[in-house]
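>>> Sequence first, then the predicted structure, then my questions.
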Amino acid sequence: MHIAIVGNIGAGKTTLTGMLAKNYGWEPLYEAVDNNPYLEDFYSDMKRWSFNLQIYFLNSRFRQIVDIQAGDKNILQDRTIYEDAFIFAENLHDMGLMTSRDYENYRAIFDNITAYIKPPDLLVYLKASVPTLVNNIQRRGREYEIGIRIDYLSKLNEKYDKWINNYDLGKLLILDKDNLDFANNPEDMGTIIQLIEREVNGLF
């Protein structure tokens, strides 16, 4: 079983991944943020480092999926390879922060890679408004994230909504993060587990 948690920066993906992994006794797979050699440079000069960053994420996510498909463990994944292309790279191109040449090169690599992988059994989307995202980003205090612009988060949210509205690769569960405080409210976490189990049981 492979469940992936998706959502914008600060939506709570890592927290929910960890809590669900603990609840089910499954293996969590987290996004390679702390070891990413491009992230800090990217936030200080997005145009210069956008292509490098996206290629790094694409490669690390592909390696994750190869390991998932080769193994026999139940996996909870924090963010997917699809977000790299349909959300972040596309948005960087739209904002003029990635050249058309680099974007077309990136998408060709993405298309080649995704021809060889299976999508997750269930995609869980943490839908969150910009104020919720900003509050979470400020609370966790990652230095390189403090300067993220509101318009950048807004554009990412638009991309997420467009992608999710057209998602047809498998089962999908949308959670309203603005009204769910699963980190601090056990009842909210219980609700999420019930919703996930309803979806998962339908997979068998």
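Ah, there it is. Fair warning: this is a prediction, and the values are worked out from it, not measured in the lab.
>>> In the helix or strand harbouring residue 53, which of the residues would be classed as buried?
Per DSSP states H and E: residue 53 is located in helix 46-70. Using 16 or more other C-beta atoms under 10 Å as the burial criterion, the residues of helix 46-70 that qualify are 46, 49-51, 53-58, 61-62, 64-65, 68. In this view, the C-beta of every residue, glycine as well, is placed from N, C-alpha and C.
>>> number of nearby residues for the residue nearest to residue 47 when sequence neighbours are not counted?
What sits nearest to residue 47 in space, not counting adjacent residues and going by C-beta to C-beta, 6 or more residues apart in numbering, is residue 97, at 5.0 Å. Look at residue 97: counted by other C-beta atoms under 10 Å, it has 20 neighbours.
>>> in a strand, that's where residue 97 is, yeah?
No: looking at residue 97 with DSSP: H, G, I helix; E, B strand; the rest coil, it is coil, so not inside a strand.
>>> Which per-residue confidence value corresponds to it?
The model reports residue 97 with a pLDDT of 94.
>>> before we move on, what about residue 204?
The confidence metric pLDDT takes the value 45 at residue 204.
>>> what's the answer for residue 2, then?
Looking at residue 2, the pLDDT reads 94.
>>> So residue 39 versus residue 54, what's the distance?
Counting by C-beta to C-beta, to the nearest Å, the separation of residue 39 from residue 54 is 11 Å.
>>> do the same with residue 38
Per C-beta to C-beta, residue 38 is found 9 Å from residue 54.
>>> With residue 181 instead?
From residue 181 across to residue 54, the span is 32 Å (C-beta to C-beta).
>>> Give the closest residue to the spatially most central residue of the chain in space, chain neighbours not counted.
Closest residue to the average C-alpha location of the chain: residue 79 at 2.8 Å, with C-alpha atoms, centre = their mean. If you skip the residues right next to it in sequence, residue 79 has residue 31 as its closest partner in space, 4.8 Å away by C-beta to C-beta, 6+ apart.
>>> OK, contacts around the one you found?
Contacts for residue 31 (C-beta atoms under 8 Å, 6 or more residues apart in numbering) come out as 13, 14, 78, 79.
>>> Please enumerate the strands of this protein.
Ranges of strands in the chain, per DSSP state E, are 2-7, 27-29, 75-78, 122-127, 171-176.
>>> Those into CSV, with extra columns for mean neighbour count and distance to residue 197?
Formatted as CSV, the strands of the chain follow (neighbours: other C-beta atoms under 10 Å; distance: least, C-beta to C-beta, whole Å):
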stretch, mean neighbour count, distance to residue 197
strand 2-7, 25, 11
strand 27-29, 17, 18
strand 75-78, 24, 14
strand 122-127, 23, 10
strand 171-176, 16, 11
